[in-house]
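Asks: could you work out the structure for the sequence below:
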Amino acid sequence: MTQANLLPHIELNPQSPATATVIWLHGLGANGDDFVPIVPELNLPSHLAVRFIFPHAPAIPVTINAGYVMPAWYDITAMTLDRQLDEKQLLASSAAISAFIDNEIARGINSQRIIVAGFSQGGAVAYQTALTYPQPLGGLMALSSYFATHKSINIHTANQQLPIAIFHGVYDSVVNETLGSQALQLLRQQGYAPVYKSYLMDHAVCAEEINDISMWIQERLK
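Replies: You can find the predicted model right below:
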């Protein structure tokens, strides 16, 4: 897939030629701009030469929001704890994110220096994408999210050792922390050893978490 065929997105490049990439997916109703302000707050060392890509989800009708059209990676039809959602749309979004990974590899980035991150709904797409990608990736980061496709996913052997970080708010009123810890248990059953941290916050990002994200990215890319 050429650059022209990728989803619309924001790209932030380091001062020196990029040698690593973080592809970061926003949540429901937001867009790629959402996490751009966090990049300078990460204070990543310049020698890591990290490129950040923030794709914009397409605008679609969302059932739980009275059918209003808004940026979404997939439709959610019921806000039950385990979420009733349009899995076909989720898989299409995952394929669109895999295309970004393909493109980064084509641009000369080693697959093991590519991290996929996602907040909330974006995290559900990140789980599906990173765990099924056919080349080993550098890491998966799920923020205030849930493992939506755990019953149907076919994990690729290339990412059977994938480093994973799960960060969640204790007071999350949108994606209950139970779903974050459920993802942790499901991944442990598959042989993964995710980092798990919770924070005294709602469905958001806090300063302590940003510091932990920075440390985790640096550890993955050192």
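Asks: what is the burial count for G123?
Replies: Other residues within reach of G123, judged by other C-beta atoms under 10 Å, total 31. In this view, the C-beta of every residue, glycine as well, is placed from N, C-alpha and C.
Asks: that one contacts Y146, correct?
Replies: Yes - if you go by C-beta atoms under 8 Å, G123 and Y146 touch, sitting 7.1 Å apart.
Asks: so what sits against both of the two?
Replies: Here G123 and Y146 have no joint contacts, going by C-beta atoms under 8 Å, 6 or more residues apart in numbering.
Asks: from memory L187 sits against P163, does it?
Replies: No - counting by C-beta under 8 Å, L187 stays clear of P163, with 11.2 Å between them.
Asks: please enumerate the shared neighbours of these two.
Replies: Counting by C-beta under 8 Å, 6+ apart, nothing touches both L187 and P163.
Asks: for this protein, which segments count as strands?
Replies: Along the chain, the stretches classed as strands by DSSP state E are 9-12, 20-25, 50-55, 59-62, 68-71, 76-78, 84-85, 114-119, 139-143, 164-169, 195-199.
Asks: what lies in contact with the last one?
Replies: What it means is strand 195-199. For strand 195-199, contacts defined as C-beta under 8 Å, 6+ apart pick out 163-170, 177, 180-181, 184, 206, 208-209, 212, 216.
Asks: in its sheet, which strands sit next to it, and in what direction?
Replies: Strand pairing for strand 195-199, using DSSP bridges, gives strand 164-169 (parallel).
Asks: quick one: mean pLDDT for the partner strand?
Replies: Averaging pLDDT along strand 164-169 yields 98.
Asks: show the pLDDT at the residue of the chain most remote from its centre.
Replies: What lies farthest from the middle of the chain is A66; by C-alpha atoms, centre = their mean that is 25.8 Å. A66 is assigned 91 on the pLDDT scale.
Asks: longest single helix anywhere in the chain?
Replies: Longest helix in the chain by number of residues, with DSSP state H as the criterion: helix 87-106.
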